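[1] Below is the sequence, then the predicted model.
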Amino acid sequence: MEPKHQGANWDRSEKDHLISILDKHISVIENKECDRVSKKRKDAAWSMVEEIFQAKFGQSRPNKALRDQWKRMKITAKQEYANQKPKTGGGPPPLPPSYLSQKVKELCPQEFIQIYSRYDDVSSTSPDQTESEKVSPMEFLNPMLQGFQMETDLQK
């Protein structure tokens, strides 16, 4: 069995450039559809991202490495924003989200929607969302339920 090859570490300029490239292709890359046409569009968009990235830095970062880095950046951003919630027990306040995490949230804000409950004190004081950005559980589920209702009506 061949040992895994670890690529070079990503520096901040590479991550910044990746985000700036993804900004132009985010509607295709973050599309949640999974049909054949959407997959081909996503693959084409990632190929373009790879070409643009290589043109700037000269070194080869494979398509998979770019996709994995984007995935890690989204996970890190979600963790940083999750740490912003108030905690019990005192202690120092949490650090604000990093610049990269803020850029990730700007690119795909739908990934950071917080479902709140009027009975939950923590969600009512979340510092990173205004009242107009919060979504109730029924508002969040309503489009899915309507789609389910349409499917069952068509099956009858």
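    Looks like it came in fine.

[2] Only C-alpha atoms from now on, for both contacts and neighbour counts.
    Will do.

[3] Give me the mean pLDDT for stretch 65-82.
    The predicted model assigns stretch 65-82 a mean pLDDT of 94.

[4] what comes up buried for that stretch?
    66, 70, 73, 74, 76, 77, 78, 80, 81 (16 or more other C-alpha atoms under 10 Å).

[5] What distance do you get for the second one to residue 90?
    What it means is residue 70. The gap separating residue 70 from residue 90 is 34 Å, by C-alpha to C-alpha, to the nearest Å.

[6] now swap in the first one and tell me
    In this structure, residue 66 lies at 39 Å from residue 90, with C-alpha to C-alpha as the measure.

[7] from the buried residues of stretch 65-82, which is closest to residue 141?
    Taking C-alpha to C-alpha as the measure, residue 141 lies nearest residue 78 of the buried residues of stretch 65-82, at 21.0 Å.

[8] What does the residue nearest to that closest one when sequence neighbours are not counted show for phi and psi?
    In this structure, residue 78 finds its nearest non-sequential neighbour in residue 112, 7.0 Å apart by C-alpha to C-alpha, 6 or more residues apart in numbering. Main-chain dihedrals, residue 112, degrees, to the nearest 10: phi -110, psi 20.

[9] Let me know whether residue 112 touches residue 77 as I believe.
    No. In this structure residue 112 lies outside contact range of residue 77 using C-alpha atoms under 8 Å: 9.1 Å.

[10] Overlap of the contact sets of those two?
    Common neighbours of residue 112 and residue 77, counting by C-alpha atoms under 8 Å, 6 or more residues apart in numbering, are residue 105.

[11] Select the longest helix from this protein.
    helix 36-57 (DSSP state H).

[12] helices and strands around it, which ones?
    helix 12-29, helix 63-82 (3 or more C-alpha pairs under 8 Å, 6 or more residues apart in numbering; DSSP states H and E).

[13] who touches the last one?
    This points to helix 63-82. 18, 46-47, 50, 96-98, 100-102, 104-105, 112, 128.

[14] what about 6 Å?
    Outside helix 63-82, the residues within contact range by C-alpha atoms under 6 Å, 6 or more residues apart in numbering are 50, 97, 101.

[15] what about the last one, how many neighbours?
    Read that as residue 101. The tally of other residues near residue 101 (other C-alpha atoms under 10 Å) stands at 20.

[16] With the second one instead?
    The local packing count at residue 97 equals 18, with neighbours defined by other C-alpha under 10 Å.

[17] Setting the sequence-adjacent residues aside, check what's closest to it.
    Counting by C-alpha to C-alpha, 6+ apart, the nearest residue to residue 97 once its immediate chain neighbours are dropped is residue 80, at 5.4 Å.
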